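1. this is a predicted model, with the sequence first.
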Amino acid sequence: MKLSERDKAHVWHPFTQHKTAGDPLEIVKAEGVYLFDASGNSYIDANSSWWVNTHGHGHPYIGEALNKQFYTIDHTVFAGVTHPKAVELAERITERLPSHFQKVFFSDNGSTAVEIALKMVIQYWHNKGVDKHRFLAMNGSYHGDTFGAMSLGQRGYFNKPFEPYFFDADYIDFPTEENREEVLEKAEKLFRTGDFAGMIVEPMVQGAAGMRMYSSDFLDRLTRLAHDHGVLVIFDEVMTGFGRTGELFAMDHCNEKPDLTALSKGLTAGVMALGLTVTSDAIYEAFLAEETTKALLHGHSFTANPLACAVACANLDLFDRKETWKGIRNIVDWNENFATSLAKYSIIQNIRQQGTILAFDVFTGGDATYFSDIKTKAYEYFLKCGVLLRPLGNTLFVNPPYCINAEEYKKVQDAIEAFIQELG
Ligand SMILES: Cc1ncc(COP(=O)(O)O)c(C=O)c1O
């Protein structure tokens, strides 16, 4: 029986309407920028396998670290226990973040990293005896699929059935050249109530909303406003972290830094499931007391899994290598040239780039939502060209692994331009 038939019998896929979905692609091998299917076809992984892969698949250095760790400590409980790779990772990640980031809480994925940041903010004020409960978020945000993360994300068709169970949040509009002053005024008005415990944003790039980009200047002003009014700021760097924006973290573009950050995806080079919530000593200290109830009573079976921590440390080693940053700079340059080339097509609009992410919208007069026809058409067209690209509605974007070479990038570009020309 074909793998996809066996899959159909027992597997329930993410974001999939199984009644209408076609057979899943049977990927049987991954190496470098390539994914290989069961028939021997290869595909360039142009979206880095849901934005996680940093250095290409099957990187030998990552593999060695994983193998070595397996025979050292595969897993251990983390309550009341520590291990060298968790400590090393906490030391090395805090070294790379602004200096007030000193404490690291481990979890398994981006949603949990966000969820923990929310719980830290809520309990911080609770422990201090301060009555502040409201959160500010941005329209169009995606912070994950757990309840806290959904409560602060864009409300709509993705999470409609769950909405009655969400907690209330206030939203500001996504900032544009035209509305940015109004957006800041609204934020300030809300903050002035004194009711706001925290604010969460995807810094500079909203991923799932369609790689929508806004400036670090705006973000600086928004964060400063929050800080001026005693509001704790969370940067959800789950997607933007680890080189995507051209710097290691999006916050590296900013002057005003957040109080907490959520990291995942590129944290482990896209190889292991790991999430980190990183914050300051000042926030951590609000949880220190004689009473156990003041502690953050939260944990996961796989908290600080040693295999994931070892891989994350190896990932940081690779970020210390010049060739990784050369790879990032190459993608930035190729994206710039590609953007220029895209400008000649009348059906292409809103061409935007932040570092290694290049995005643009295709307008053919049809539906522009996540479920647009273009999305499916483009996905299938690119597969035939040997490129795996998952558009977001009518937004096409590239954010490849940093090891992609000029020829491979050109293949992605050619496939996209051929698709655009075919659309007319
Ligand atoms: C900005 C952002 N936050 C959180 C998440 C959730 O991460 P995960 O899918 O690992 O739960 C994502 C996932 O795409 C994301 O892009």
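-> It's in.
2. and the most centrally placed residue in the chain, what's its pLDDT?
-> In the chain, the residue lying closest to the centroid (Cα atoms, centre = their mean) is residue 239, at 1.8 Å. Residue 239 is assigned 98 on the pLDDT scale.
3. identify the residues contacting it.
-> For residue 239, the contact set (Cβ atoms under 8 Å, 6 or more residues apart in numbering) comprises 51, 110, 202, 205, 207, 265. C-betas here are computed from N, CA, C, even on glycine.
4. which two among those are spaced furthest apart?
-> 110 and 205 (14.1 Å; Cβ to Cβ).
5. neighbour count: these two, which is higher?
-> residue 110 (30 against 21; other Cβ atoms under 10 Å).
6. and that one, how far is that from residue 217?
-> Using Cβ to Cβ, to the nearest Å, we find residue 110 at a distance of 26 Å from residue 217.
7. the stretch 51-200 of the chain against the ligand: which residues are in contact?
-> Selection of the stretch 51-200 of the chain residues close to the ligand by Cβ under 6 Å from any ligand atom yields 109-111, 114, 142-144.
8. which of those lies closest to residue 323?
-> Nearest to residue 323 among these, with distances taken as Cβ to Cβ, is residue 110, at 26.9 Å.
9. for that closest one, give me its contacts.
-> 143-144, 236, 238-239, 262, 264-265, 275.
10. number of nearby residues for residue 377?
-> 16.
11. check which helix or strand covers it.
-> Per DSSP states H and E: residue 377 is located in helix 373-384.
12. so for that helix, mean pLDDT?
-> Here the average pLDDT along helix 373-384 is 92.
13. ok, residues contacting whatever helix or strand comes next after it?
-> Downstream of helix 373-384, the first helix or strand assigned by DSSP H and E is strand 387-388. Contact with strand 387-388 is made by 25, 35, 43-47, 382, 411-412, 415, as judged by Cβ under 8 Å, 6+ apart.
14. which SS class is residue 35?
-> strand (DSSP: H, G, I helix; E, B strand; the rest coil).
15. same thing with residue 296?
-> Criterion first, three-state DSSP; result for residue 296: coil.
16. cool, residue 102 as well?
-> strand.
17. ok, it - contacts?
-> 94, 279-281, 284.
18. residue 306 now?
-> By Cβ under 8 Å, 6+ apart, the neighbours of residue 306 are 69, 72-76, 83, 85-86.
19. rerun that using 6 Å as the cut-off
-> 69, 73, 83, 85 (Cβ atoms under 6 Å, 6 or more residues apart in numbering).
20. nearest spatial neighbour of it, skipping sequence neighbours?
-> Leaving aside its chain neighbours, residue 306 sits nearest to residue 73 (4.5 Å; criterion: Cβ to Cβ, 6 or more residues apart in numbering).
21. distance of that neighbour relative to residue 312?
-> 15 Å.
22. ok, residue 23 next?
-> 34 Å.
23. so which of these two has more stuff around it?
-> Between residue 23 and residue 312, residue 312 has the larger neighbour count (other Cβ under 10 Å), namely 28 against 11.
24. touching, that one and residue 270? I think so.
-> No. Look at residue 312 against residue 270 with Cβ atoms under 6 Å: they stay out of range, at 11.0 Å.
25. from the contacts of strand 387-388, which land in strands?
-> With DSSP state E as the criterion, strands contain 35, 43-45 from among the contacts of strand 387-388.
26. tell me which helix or strand comes right after the longest helix along the chain.
-> Assignment by DSSP state H gives helix 322-342 as the longest helix of the chain. Counting by DSSP H and E, the next helix or strand C-terminal to helix 322-342 is strand 348-354.
27. what comes up buried for that following strand?
-> Within strand 348-354, the residues that qualify as buried are 348, 351-354, counting by 16 or more other Cβ atoms under 10 Å.
28. what's it packed up against?
-> Under the contact definition 3 or more Cβ pairs under 6 Å, 6 or more residues apart in numbering; DSSP states H and E, strand 348-354 sits against helix 322-342, strand 357-362.
29. the longest one: which residues count as buried?
-> Same thing as helix 322-342. Buried residues in helix 322-342 (16+ other Cβ under 10 Å): 324, 327-328, 330-332, 334-335, 338-339, 342.
30. re the thing from before, may I ask which of the ones in strands among the contacts of strand 387-388 has the most neighbours?
-> Most neighbours among the ones in strands among the contacts of strand 387-388, by other Cβ under 10 Å: residue 45, with 27 neighbours.
31. any idea how far residue 11 is from it?
-> 21 Å.
32. now do residue 61
-> Residue 61 is 32 Å from residue 11, by Cβ to Cβ.
33. these two - which one has more neighbours?
-> Neighbour count, other Cβ under 10 Å: between residue 61 and residue 11, residue 61 has more, with 14 against 11.
34. list the contacts for that one?
-> So residue 61 contacts residue 314 (Cβ under 6 Å, 6+ apart).
35. just the closest residue of this protein to the ligand, please.
-> residue 110 (2.2 Å; Cβ to the nearest ligand atom).
36. pLDDT at that residue, what is it?
-> Residue-level pLDDT assigned to residue 110 equals 98.
37. same deal with residue 157?
-> 87.
38. contact partners for it?
-> Contacts of residue 157 (Cβ under 6 Å, 6+ apart): none.
39. from here on, call the first residue 24.
-> That works, and once the first residue is 24, the last one we named lands at residue 180.
40. dihedrals phi and psi, it?
-> When read as degrees, to the nearest 10, the backbone of residue 180 gives phi -70, psi -20.
41. likewise for the one 5 residues further on?
-> Comment: the main-chain dihedrals of residue 185 come out as phi -100, psi -10, following degrees, to the nearest 10.
42. related to what we said a few turns ago, in helices, which of the contacts of residue 125 fall?
-> Using DSSP H, the contacts of residue 125 in helices are 117, 304, 307.
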